[in-house]
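**Q** Fold the following.
(chains A and B)
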Number of protein chains: 2
Amino acid sequence: MRTVYWDYDRQTVKMIDQRKLPFEFIVAEFDDYREVARAIREMYVRGAPAIGATAAFGMALAARQSNAQTFLLMQDDLKNAGKTLETARPTAVNLSWAVARQLDVASKDEGSSVQDIRDSLLVEAQQIADDDVALNRRMGFNGAEQIAGGDTILHHCNTGALATVDWGTALGVVFAAHEQGKKIHVLVDETRPRLQGARLTAWELQQRGISFDLIADNAAGHFMRTGQVDIVLVGSDRTAANGDVANKIGTYKLAVVARENGIPFYPVVPTSTVDLSLANGDLIPIEERSQEEVLNAIDRPIAPAGITARNPAFDVTPHRYVTGIVTESGIVYPPFVKNLRKAVEQSRQGAWRDGPAL
Amino acid sequence: MRTVYWDYDRQTVKMIDQRKLPFEFIVAEFDDYREVARAIREMYVRGAPAIGATAAFGMALAARQSNAQTFLLMQDDLKNAGKTLETARPTAVNLSWAVARQLDVASKDEGSSVQDIRDSLLVEAQQIADDDVALNRRMGFNGAEQIAGGDTILHHCNTGALATVDWGTALGVVFAAHEQGKKIHVLVDETRPRLQGARLTAWELQQRGISFDLIADNAAGHFMRTGQVDIVLVGSDRTAANGDVANKIGTYKLAVVARENGIPFYPVVPTSTVDLSLANGDLIPIEERSQEEVLNAIDRPIAPAGITARNPAFDVTPHRYVTGIVTESGIVYPPFVKNLRKAVEQSRQGAWRDGPAL
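**A** Sure, this is the predicted structure:
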């Protein structure tokens, strides 16, 4: 089952409500692109690739909702919808990437009828979703080259099927290694404040029967220093042209401590999350989310009433801590500024589709 | 009010049940040293100095419970009680320090009656408790020399009045700087899994009206890298002769990232927690506590049922990451192996009592 998909019978967008997992499994349904934007903001769906595909489906929904009778009026409606969707969350580049791709499709041919546009936006959204799954699988097997039998993998946040349309990014590497029969063990950072590791990654690994232990984020350093970690795998919400990686808060500490202990640190990054327009990571906007996420664990208050909290949702890991970046075009090594651009271009040309069958 | 104290009317040990804070304020009462050991194990009371004083009162209780009629039989009973108390938790050295100090007092004079021994153990426990408060205050003002007005202090776990008999260690430095009128701000690591920062440090700072924000442990790196932290202050449960520091899980990551960003990192360490018998930190036993602490936040499940967790409660920070160690004898700088021993000897000679009135 996919994290987000189009219901062709009901002409609606459906997504797993990840806020309730692993305690309840609920599929939410949306017939208004504004509600899709709200679902992204409130994190029914999260993970850069998943919210990219969700925004693409949201644009297809907006085209259906539009009463425009002309090509040009339809463009206006779609541009407005695009603004709502791409500003739902600031850090992941996939929102604006998916919206831009849909606006391109919608405006490509001035001879299109509004119904043509509606049809093409749905086809394109479905293509983005289907590509995400195939591309993630390719990326997973690219990364699995770095995993040996017996390895213990340290993993942060959730980067699995739930962070994408299906399969996953960093966790997709774990799934690929497992599928190859390598005996692996995963140390799962719980990932406060929203506990995506404890709630979602633990759930995905449990369902696949992969060996793992949940740990407090604080414990990762101890396991690295005492020789109990072979490799660190993380996702990325936006990667700058020089290889600086914005990812879930806590990633930066892991990267520094990994380098200090000679442990390879690999972000697993579909090229759709690479933003070549940004020279470095300090230009990536960092979302600061509600204090309530820190003052509670899920719905349980954990601190005195009446205090304040700070809640940056992402941090930036400078590229000097990055061993290599796993992409669908292969693993990119330094100098990132040159090699990352090449990987993005190769992917745009569809090179990743030409690999061996997986 | 003190964290742990002797009730002279009721001849019992009383302590604040810190497991309930900040949601309930309950004072628990104990008339059996075995129950005092259980309370240490179950963390009614925690923090190296506080559990040291608690064990000292536990020994005074054991002397009262003993039916021994002779000096030698009393020694046997006290040695047994000492074993129960000092093994309640493995990492902090203060348990064995306090038990050894009480066994010394009990065996000092073979002419003592059993009632003499009972009296001296209570006097000694009270002295340990009173000294802890005075010594912490001295240590706090020693450390406050490193704090300037306008500083933001990053703090891990709870090291305040609740971690000691009163006043605190690392948080005692914060209190001293505040008392000196320095305008400071504290970033409070929530400190998963037991959330001592969110529950206890936030509560203590709120009560004293000191400016602070609670943060997820994961966010500390972001604030350090972006220039929002001036100094990192932590406690220590046991410090080895070479300056390696065992402290609450997560401390090691902070220390590495602090050094990486040129931010001073100071453990605040009463010399009672220095273990000169251990050459380095890898010899310090690290307690692994119940998985349940990681699988829940307080009493709220945060992960799927049926999974496993790892829960090391402490980690070791090698001395190369330590800028200086604040003690009651002053701030100790490298070479620690020489200067830490000197600080311990100075303290044993009572040098810290001779400073200016605070």
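
**Q** What is the burial count for the nearest residue to A:G111 once chain neighbours are set aside?
**A** Leaving aside its sequence neighbours, A:G111 sits nearest to A:F71 (CB to CB, 6 or more residues apart in numbering or on different chains; 7.9 Å). Backbone N, C-alpha and C define where each C-beta goes, glycine included. With neighbours defined by other CB atoms under 10 Å in any protein chain shown, the count for A:F71 comes to 17.

**Q** so who does A:F71 touch?
**A** Applying CB atoms under 8 Å, 6 or more residues apart in numbering or on different chains, we find A:F71 in contact with A:E110, A:G111, A:S112, A:S113, A:V114, A:I117.

**Q** Now, of the residues you listed, which are buried?
**A** Buried members of the contacts of A:F71, scored by 16 or more other CB atoms under 10 Å in any protein chain shown, are A:S112, A:V114, A:I117.

**Q** starting at the chain centroid, how far to the strand or helix carrying the last one?
**A** Taking DSSP states H and E as the definition, A:I117 sits inside helix A:114-144. Between the mean C-alpha location of helix A:114-144 and the chain-wide mean there is a distance of 14 Å, by CA atoms, centre = their mean, to the nearest Å.

**Q** now swap in stretch A:248-263 and tell me
**A** In this view, stretch A:248-263 has its centroid 19 Å away from the chain centroid, taken as CA atoms, centre = their mean.

**Q** now could you export just the CA positions of it as CSV?
**A** Taking Å, rounded to 0.1, in the frame of the first residue of the first chain, the C-alpha atoms of stretch A:248-263 are listed here in CSV:
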residue,chain,number,x,y,z
LYS,A,248,15.7,16.2,10.5
ILE,A,249,17.0,17.9,13.6
GLY,A,250,19.7,15.9,15.3
THR,A,251,21.4,14.8,12.0
TYR,A,252,24.2,17.3,12.4
LYS,A,253,25.3,15.9,15.8
LEU,A,254,25.3,12.4,14.4
ALA,A,255,27.5,13.4,11.4
VAL,A,256,30.1,15.2,13.6
VAL,A,257,30.3,12.2,16.0
ALA,A,258,30.4,9.7,13.2
ARG,A,259,33.4,11.5,11.6
GLU,A,260,35.1,11.8,15.0
ASN,A,261,34.9,8.0,15.3
GLY,A,262,35.8,7.2,11.7
ILE,A,263,32.3,5.9,10.9
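
**Q** Rebuild the contacts of A:F71 as CSV, extending it with pLDDT.
**A** Converted to CSV, those look like this (pLDDT from 0 to 100):
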residue, pLDDT
A:E110, 95
A:G111, 95
A:S112, 96
A:S113, 97
A:V114, 97
A:I117, 98
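
**Q** re the thing from before, now do the phi/psi pair for the residue nearest to A:G111.
**A** As for A:F71, its main-chain torsions (degrees, to the nearest 10) stand at phi -50, psi -50.

**Q** The one 4 residues further on now?
**A** Reported as degrees, to the nearest 10, the phi and psi values for A:Q75 are phi -60, psi -40.

**Q** quick revisit: output the buried ones among the contacts of A:F71 as TSV; include the columns distance to chain B.
**A** Below are the buried ones among the contacts of A:F71 laid out as TSV (distance: CB to the nearest CB, whole Å):
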residue	distance to chain B
A:S112	46
A:V114	46
A:I117	42
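
**Q** ranges for the helices of chain A?
**A** Ranges of helices in chain A, per DSSP state H, are A:33-41, A:48-65, A:71-86, A:94-107, A:114-144, A:170-179, A:196, A:202-208, A:220-225, A:251-260, A:292-295, A:336-348.

**Q** Quick check: which helices or strands does the second one pack against?
**A** Other elements packing on helix A:48-65 under the criterion 3 or more CB pairs under 8 Å, 6 or more residues apart in numbering or on different chains; DSSP states H and E are strand A:4-7, strand A:12-16, helix A:33-41, helix A:71-86, helix A:94-107, helix A:114-144.

**Q** Can you check the pLDDT for A:P356?
**A** For A:P356, the model assigns a pLDDT of 85.

**Q** which ones are touching it?
**A** Contacts for A:P356 (CB under 8 Å, 6+ apart) come out as none.

**Q** tell me the phi and psi of it?
**A** For A:P356, the backbone dihedrals are phi -60, psi 150 (criterion: degrees, to the nearest 10).
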